[in-house]
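# structure of the sequence below:
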Amino acid sequence: MKPAHPEFSAPQDSDARKAIAPVICYSPDTLPSPDLAGLSELRAQSKAADSVTVPPRDARCIAVAAGCFFRISSVEGSQVGDLNLWNANDLTERFYSGKTRALHGTHLSTGDRMWSAFPAMRPMATITADTLEWYGFDGFGGSVHDVIGTRCDPYTGRLLNGSDYHYCCHSNLTRALADFTGLPMESAEPHVHDVLNVFMCTGFTRDTGQYFMKASPVRPGDYLEFYAEIDLIVGLSACPGGDCSAEHTSDTAQCYPLLIEVFDPGAAARDAHEKPARSAYDRSHGR
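Below is the predicted model of the structure:
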């Protein structure tokens, strides 16, 4: 626990130090903007190609080819999901939530991209539609679709309360990836990574800077839609916290399924899609 009062008193120029204006660390202004109008036209010609229902307190994976769209929908009740993305041809290239957060902010919406980990560091998917984009930031500083949380996991549960819970999002995604790829559980688990918390409403408290959650505004019919920039395996866990209004990992929270749908614009459009290049950094690291 943090001390209630600072051990050291403020210096005489403390107000001046605090008044210094902030500087954005990683401005995305130099990044090429996605062609949302063009993607909208492409989406209009796309046809349903595949789907999977993610059961409550469980996870599923689905393949999405580069140049296709995928949509995550609320179908029965208010429910949040933990999203992982992997390069379908190389599981070591996976979604990098921390760098995505640095580039686009704590919460993602239309036009933001999900970036992959080093050394590839390229867009894996672009968000093309978000029915909750109206939410913005509320009076508590909360917003939807965050890249600040990690994922509920059995290791933190064991640390905090001494019990084992196997249907948290980390374990759900581990089982789903193992089942989808045929990997042993112990080989699949290291590929599970920090998530995009789809539909989850979160923020940081202004007095203590603690990560908070509140009831998700998602309702049946709401969705978040993406354009696959590279060939993907998409993994989604329907969080055991339900809408995360009270509990983050629980067998008592009301939980609902989520739906992933894939939409294909056709072979010609997929063939015309140019996959983003991997980072051009030479990886010499000064040697």
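# is it true that residue 140 touches residue 212?
Yes. Contact status for residue 140 versus residue 212: in contact at 7.4 Å, counting by C-beta atoms under 8 Å. For glycine as for every other residue, the C-beta is placed from the backbone atoms N, C-alpha and C.
# shared neighbours of these two, anything?
residue 203 (C-beta atoms under 8 Å, 6 or more residues apart in numbering).
# and the nearest residue to residue 242 once chain neighbours are set aside, how far is that from residue 135?
Take residue 242 and drop its neighbours on the chain: the residue closest to it by C-beta to C-beta, 6 or more residues apart in numbering is residue 253, 3.9 Å away. Taking C-beta to C-beta, to the nearest Å as the criterion, residue 253 is separated from residue 135 by 21 Å.
# where does the stretch 1-150 of the chain dip in pLDDT?
Low-confidence segments of the stretch 1-150 of the chain (pLDDT under 70): 1-3.
# is the most centrally placed residue in the chain bridged to anything, and to what?
The centroid of the chain falls nearest to residue 196 when counting by C-alpha atoms, centre = their mean (1.1 Å). Applying DSSP bridges to residue 196 gives these bridge partners: residue 83.
# now do the strands in the stretch 1-150 of the chain.
Secondary structure of the stretch 1-150 of the chain (DSSP state E, counting those that start in this stretch): strands located at 47-54, 59-64, 69-74, 81-87, 90-94, 113-115, 123-130, 143-146.
# out of these, which comes closest to residue 185?
Judged by C-beta to C-beta, the one of those that comes nearest to residue 185 is strand 59-64, at 13.1 Å.
# partner strands of that closest one and their direction?
Going by DSSP bridges, the partners of strand 59-64 are strand 232-238 (antiparallel).
# how far off strand 81-87 does the partner strand point, in degrees?
Put simply, strand 232-238 runs at 160 degrees to strand 81-87, going by axes from the mean of the first three to the mean of the last three C-alpha atoms, to 10 degrees.
# tell me which helix or strand comes right after the helix ranked longest in the chain.
Identified as the longest helix of the chain according to DSSP state H is helix 169-181. Elements were assigned by DSSP states H and E; along the chain past helix 169-181, the next helix or strand is helix 185-188.
# C-alpha coordinates for that following helix, PDB please?
This file holds the C-alpha atoms of helix 185-188, laid out as PDB (Å, rounded to 0.1, in the frame of the first residue of the first chain):
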ATOM      1  CA  MET A 185      -1.000 -26.400 -23.400                       C
ATOM      2  CA  GLU A 186       2.500 -25.600 -22.100                       C
ATOM      3  CA  SER A 187       3.600 -24.600 -25.600                       C
ATOM      4  CA  ALA A 188       0.500 -22.500 -26.300                       C
END
